[in-house]
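In: pasted the sequence and its predicted model underneath.
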Amino acid sequence: RKEVEQDPGPFNVPEGATVAFNCTYSNSASQSFFWYRQDCRKEPKLLMSVYSSGNEDGRFTAQLNRASQYISLLIRDSKLSDSATYLCVVSRTGFQKLVFGTGTRLLVSP
Amino acid sequence: GAVVSQHPSRVICKSGTSVKIECRSLDFQATTMFWYRQFPKQSLMLMATSNEGSKATYEQGVEKDKFLINHASLTLSTLTVTSAHPEDSSFYICSARVLAGGFEETQYFGPGTRLLVL
């Protein structure tokens, strides 16, 4: 079983839609959680960290459920520029060693 | 954010040759750098953790004699793929961990190096 699992998608949504991604992790010792964004043939870029209390950054909301070991990302009012692969990332030791999911691909169409 | 560069951005080489990839932190010092590999439609896999002035720590299944890592300064780490074979063709990405200096604590990734071994 993979340590971090994501639905690969793709999720095809129209502009303005709300879309949610889930991710599950298997290691209960995981301490830190992140969402990264990766554009085609590019490097990953940090989108946001995920905290137990949930956190929001503009149109993006991330939540963590430690009991069920899953993380979610909600994108409201989707933009064409949101089209990318969203990587769920966990770590047992902060930013020292990151474990990446395979990513969920999002396609936002006009 | 902090900037990490990689060189070259892409390389094509013949089987059996060695390829060196450089990873530089441009505006901060990185005591720890990481090397990842990503095959098509797969996740980034950590290959090794590179610590300045000491030996790299390799992940299980990664041959240290094939993937030589040198982190001789606080701004430069190199990965050398020795005697490359077609199965080594992949997207190699480095990252550097930032702890301070006004940057958010995170790993900043370089733009990656596409290696194609013929």
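Out: Ah, there it is.
In: so what's the residue lying farthest from the centre of chain A closest to, chain neighbours aside?
Out: Residue farthest from the centre of chain A, counting by C-alpha atoms, centre = their mean, is residue A:110 at 22.7 Å. What sits nearest to residue A:110 in space, not counting adjacent residues and going by C-beta to C-beta, 6 or more residues apart in numbering or on different chains, is residue A:15, at 5.9 Å. In short, each C-beta sits where N, CA and C put it, glycine included.
In: the residue farthest from the centre of chain A is in contact with residue A:80, isn't it?
Out: Yes - the pair residue A:110 and residue A:80 passes the contact test of C-beta atoms under 8 Å, sitting 6.7 Å apart.
In: okay, now the residue nearest to residue A:110: neighbour count?
Out: By other C-beta atoms under 10 Å in any protein chain shown, the residues close to residue A:15 number 12.
In: how about residue B:85?
Out: Residue B:85, neighbours per other C-beta under 10 Å, totals 11.
In: same question for the one 4 residues further on.
Out: Burial measure for residue B:89: 17 neighbouring residues, criterion other C-beta under 10 Å.
In: could you point out which element follows the lowest-mean-pLDDT helix or strand in chain B?
Out: Lowest on mean pLDDT, DSSP states H and E among the helices and strands of chain B sits strand B:106-109, with a mean of 83. Once the chain leaves strand B:106-109, the next helix or strand it forms, by DSSP states H and E, is strand B:113-117.
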